[in-house]
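Peer 1: sequence-free structure coming up:
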């Protein structure tokens, strides 16, 4: 039985593929061969070294995902970062120099409660051309006064965990999408899309402008839509729907100064604000400003400070 005739287009495509493969291999061989022997040996012998960063940030406030977690006090946030071949481990903490007790609307907390949080994050990131992709697991260990019983000495009850995926592009504005799902004391999807650009000023100083927007989806009754009067119920007395809307946005300006190869000093300022009315009322509801009426609560924040990073 006579076989089917193969289309000339198929043959042409196959021929072009074969020629392209051979040409690419020849070009690569030619480029490699044009290098001096010591250059090729140096390139092949160059090992992949682990990296380590130690960062300490001093900020005027601690805001996370639009939630106010400190009140009119300086926070100190140290972080240790270790990385090797795309794998990384980060340990981050928050020290509140003047803890605010939202239960009593007072600053009269004992010194045991200054250290409010310790986070541990394991991540893996990999680049595919201009695409960067990553997956991460984070454990948020909370240890503030509000995280224990009324004596301030109870066990941790509000620790949280999160898994997340990130996708970024090494192109103009460096867009980056992050999708996170918390699954312990909170049950939310939190998605953020950010862009940034750095303008070099000179050899040692740059200016980075960044902006991000977020969307929050609550998966339980611990985060409901809040009414304009601060309540979470409908006129018939039933609970409002779970939060499902755009949330907070952040605009930031940083000025990284790199006097040496191992030291970076970064002054920074950020403005955090709600994107929609639902986010406005949610941020007011979760504000630590408990000594005023709901209508007068803060829903946007200006945070300034500085970070110092040592790279090894």
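Peer 2: In hand now; what should we look at? The structure presented is a predicted model; accordingly, all values stated were derived computationally and were not measured.

Peer 1: Isn't residue 96 up against residue 60?
Peer 2: No - with contact taken as C-beta atoms under 8 Å, residue 96 and residue 60 are classed as non-touching, separated by 11.8 Å. Glycine gets a C-beta too; all of them are placed from N, C-alpha and C.

Peer 1: Looking at those two, which one has more neighbours?
Peer 2: Higher neighbour count among residue 96 and residue 60: residue 96, with 24 against 16, using other C-beta atoms under 10 Å.

Peer 1: which residues do residue 96 and residue 60 both contact?
Peer 2: The contact sets of residue 96 and residue 60 overlap at residue 75 (C-beta atoms under 8 Å, 6 or more residues apart in numbering).

Peer 1: Show me where the stretch 101-250 of the chain has its strands.
Peer 2: If you assign secondary structure with DSSP state E, counting those that start in this stretch, the strands in the stretch 101-250 of the chain sit at 115-128, 131-142, 160-169, 176-182, 188-200, 206-218, 244-254.

Peer 1: Can you lay out the ones you listed as JSON lines showing distance to residue 91, mean neighbour count and mean pLDDT?
Peer 2: Listed next are those as JSON lines, based on distance: least, C-beta to C-beta, whole Å; neighbours: other C-beta atoms under 10 Å; pLDDT from 0 to 100:
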{"stretch": "strand 115-128", "distance to residue 91": "6", "mean neighbour count": "15", "mean pLDDT": "95"}
{"stretch": "strand 131-142", "distance to residue 91": "10", "mean neighbour count": "16", "mean pLDDT": "96"}
{"stretch": "strand 160-169", "distance to residue 91": "15", "mean neighbour count": "16", "mean pLDDT": "97"}
{"stretch": "strand 176-182", "distance to residue 91": "19", "mean neighbour count": "17", "mean pLDDT": "98"}
{"stretch": "strand 188-200", "distance to residue 91": "21", "mean neighbour count": "16", "mean pLDDT": "97"}
{"stretch": "strand 206-218", "distance to residue 91": "24", "mean neighbour count": "17", "mean pLDDT": "98"}
{"stretch": "strand 244-254", "distance to residue 91": "22", "mean neighbour count": "18", "mean pLDDT": "98"}
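
Peer 1: Among these, which comes closest to residue 101?
Peer 2: Proximity to residue 101, assessed across the strands of the stretch 101-250 of the chain by C-beta to C-beta, is greatest for strand 115-128 (11.6 Å).

Peer 1: Tell me what angle the closest one forms with strand 131-142.
Peer 2: Angle, strand 115-128 to strand 131-142, by axes from the mean of the first three to the mean of the last three C-alpha atoms, to 10 degrees: 170 degrees.

Peer 1: Residues touching strand 115-128, excluding its own?
Peer 2: 62, 69-70, 86-96, 99, 132-144, 166, 170.
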